[in-house]
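Student: build me a structure from this.
(one chain, ligands or ions: 1)
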Amino acid sequence: MDITFNNVSYIYQRNSPFAHKAIDDLSFHIPSGSFVAIIGHTGSGKSTIIQHLNGLVRPSEGEVTIGDFKLTKDEKPTNMKELRSRVGVVFQYPEHQLFEETVEKDIAFGPENFGVKSTEVNQRIKEITPAVGLTDELLQRSPFDLSGGQMRRVAIAGVLAIRPDVLVLDEPSAGLDPRGQKEMMDMFYDLHNEQALTTVLVTHSMEDAVKYADHVILLNNGTKYMEGTPEEVFTQKEALHNVQLDVPEMVQFLNLFEKKFGKSIPFKRQSINEIATSIRQLIEEGHSS
Ligand SMILES: Nc1ncnc2c1ncn2[C@@H]1O[C@H](COP(=O)(O)OP(=O)(O)OP(=O)(O)O)[C@@H](O)[C@H]1O
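Tutor: Below you'll find the model as predicted:
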């Protein structure tokens, strides 16, 4: 589903002395099937955007459209429940919301709540369990006996079992060790590709945005500061520094390499191996000239 924010502003505690404009005249478009990263430092408005995406709040000004659903100050979809079944949100530390006696019951809770028949729920559980890296024998265990990483996968399975078209991920790898973070993000990337899931990744991590997203929206104080491909956004060293963000490690390395050796290797989201190949080629060219 396409997502569009048209000149959206949102004010918390409107008409009170504590009124606070959290997003201000924000416009962007997320095409169906894309993987978009929304980044920005604390307080830049990321969570407020997420709350619009599943209709927890509506714009104070402007318009949000998600597929055929439209949210404005005066208008909300009559079928809000359907919107919430189409947009799955993996909130930060989703494992804190597990509560059922067994893993299976926890995964089934969401789809059952949306009225999915039990045979279909069972079928979904069968498909989703391996897709999130869990095994069948865990299904009858208590979620509270599992490791932190496994608990998070159970919570994610519960969101996927709703079969959303859009998956919104709020810092999904927070609190995991580096290997767990990579495994988690690789899993989302595979799900995005295999199920053509429109994926919105809200993150502080430049490295994850570079590696997984095909489009980046950078926020600052509730406004859009920059947007574009990772190559376009993450090579703007000064502009990033102005909003207390750093360029990703790979870009830093390429900048240093150019400074030291006077040779430029353009940043194209290469892997370490690809960069090593480019350096080897430059060395070989140097020897042969
Ligand atoms: N319930 C609320 N009442 C008043 N102001 C709020 C409320 N929630 C958030 N804000 C303010 O709105 C602005 C945007 O907050 P938001 O949580 O959307 O930012 P964020 O980018 O998600 O931050 P973080 O990275 O810390 O989660 C901040 O200035 C924040 O203090």
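
Student: and the protein, which residues reach the ligand?
Tutor: Counting by CB under 6 Å from any ligand atom, the positions of the chain adjacent to the ligand are Y12, Q13, H20, A22, G40, T42, G43, S44, G45, K46, S47, T48. Heads up, the C-betas are built off the backbone N, CA and C, glycines and all.

Student: need those in CSV with distance to T203, secondary structure and neighbour count, can you?
Tutor: Formatted as CSV, the residues of the chain next to the ligand follow (distance: CB to CB, whole Å; DSSP: H, G, I helix; E, B strand; the rest coil; neighbours: other CB atoms under 10 Å):
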residue, distance to T203, secondary structure, neighbour count
Y12, 22, strand, 13
Q13, 27, coil, 9
H20, 23, strand, 11
A22, 18, strand, 21
G40, 9, coil, 24
T42, 12, coil, 8
G43, 15, coil, 13
S44, 12, coil, 23
G45, 14, coil, 22
K46, 8, helix, 22
S47, 12, helix, 16
T48, 15, helix, 20
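
Student: what is the residue nearest the centre of the chain paired to in the beta sheet?
Tutor: The centre of the chain sits closest to L201, judged by CA atoms, centre = their mean, with a distance of 1.1 Å. Note on L201: beta-bridge partners A37, L169, judged by DSSP bridges.

Student: so it versus K73, what's the distance?
Tutor: Distance from L201 to K73, counting by CB to CB, to the nearest Å: 28 Å.

Student: now the helices for the protein?
Tutor: Ranges of helices in the chain, per DSSP state H, are 46-53, 80-86, 103-113, 118-131, 148-160, 178-194, 206-212, 230-234, 237-242, 249-261, 272-288.

Student: output the contacting helices and strands for the last one.
Tutor: So that's helix 272-288. Contact here means 3 or more CB pairs under 8 Å, 6 or more residues apart in numbering; DSSP states H and E; on that basis helix 272-288 packs against helix 249-261.

Student: show me the shaky parts of this structure.
Tutor: In the predicted model, the chain carries pLDDT under 70 at residues 289.

Student: from S47, how far off is whichever residue of the stretch 151-289 of the chain sits closest to the ligand?
Tutor: As assessed by CB to the nearest ligand atom, the ligand sits closest to G222 within the stretch 151-289 of the chain, at 6.2 Å. Counting by CB to CB, the gap between G222 and S47 amounts to 11 Å.

Student: ok, now Q195?
Tutor: Where S47 is concerned, Q195 sits at a distance of 25 Å (CB to CB).

Student: ok, now K105?
Tutor: 29 Å.

Student: dump the residue contacts of the residue lying closest to G88 once chain neighbours are set aside.
Tutor: Counting by CB to CB, 6 or more residues apart in numbering, G88 lies nearest to P164, which is 3.3 Å off, once chain neighbours are set aside. Taking CB atoms under 8 Å, 6 or more residues apart in numbering, we find P164 in contact with S85, R86, V87, G88, L197.

Student: run the last query once more with 7 Å
Tutor: Going by CB atoms under 7 Å, 6 or more residues apart in numbering, P164 touches S85, R86, V87, G88.

Student: thought the second one was touching S32?
Tutor: By that I understand R86. No - look at R86 against S32 with CB atoms under 7 Å: they stay out of range, at 11.4 Å.

Student: how many neighbours does S288 have?
Tutor: Residues near S288, counting by other CB atoms under 10 Å, number 6.

Student: ignore what I typed, I meant E183.
Tutor: 15.

Student: got phi/psi on the residue nearest to G88?
Tutor: The phi/psi pair for P164 (degrees, to the nearest 10) reads phi -70, psi 160.

Student: do the same with T229
Tutor: Residue torsions, per degrees, to the nearest 10, at T229 are phi -70, psi 160.

Student: do P31 as well
Tutor: Here is the backbone geometry of P31 (degrees, to the nearest 10): phi -70, psi 150.

Student: now do the contacts for the nearest residue to it once chain neighbours are set aside.
Tutor: Closest residue to P31 apart from its sequence neighbours, by CB to CB, 6+ apart: D2 at 5.8 Å. Contact partners of D2, counting by CB under 7 Å, 6+ apart, are I30, P31, S32, G67.
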